[in-house]
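# Please work out how this folds:
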Amino acid sequence: MKTPSHVLAAAIVGTALFAGGCNTTPESSVHNQKQPGAAVGNAIGTAVGAVGSNVAAIGTGAAEGASNAIKSTYTNERRVVRTWRTETTSDGRTIQVPVEIEVDENGRPIETK
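The predicted structure follows:
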């Protein structure tokens, strides 16, 4: 009998969630928290949890920062702002001439060379 992969994945996730839901607060312990073994165990567990979560946060932050930096390099949204300039032709007529300025996403003019 073949078990579909999504059923197996759901079973693994369900087991992890069920096992991770155990209450490990000192108030709910069955043993005496004043004993040296329990105190050392709680201290080690707290230290490992703090270090592990900080390591995970560093990795996540570095990955998100690198992702945003790479994405900003390729973001080249440019807009064209059109203004009108009044000019007088050689035969004396006054006309409006469009002047287009290319700007970046912050509205700063882009220097074209």
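
# make it CA atoms for all contacts and neighbour counts henceforth
Fine.

# buried ones in stretch 41-50?
Asn42 (16 or more other CA atoms under 10 Å).

# and it, C-alpha only, in CSV?
The C-alpha trace of stretch 41-50 is given here as CSV (Å, rounded to 0.1, in the frame of the first residue of the first chain):
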residue,chain,number,x,y,z
GLY,A,41,18.3,21.3,33.3
ASN,A,42,16.2,24.5,33.3
ALA,A,43,19.3,26.7,33.0
ILE,A,44,20.7,24.7,30.1
GLY,A,45,17.4,24.5,28.4
THR,A,46,17.0,28.3,28.6
ALA,A,47,20.5,28.9,27.3
VAL,A,48,20.2,26.5,24.4
GLY,A,49,16.8,28.0,23.5
ALA,A,50,18.1,31.5,23.6
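
# ok, residues contacting stretch 63-76?
Asp104, Glu105 (CA atoms under 8 Å, 6 or more residues apart in numbering).

# Now the most centrally placed residue in the chain: which helix or strand?
By CA atoms, centre = their mean, the chain has its centre lying nearest to Glu64, at 4.8 Å. Using DSSP states H and E, Glu64 sits within helix 36-74.

# Alright, I will stop here.
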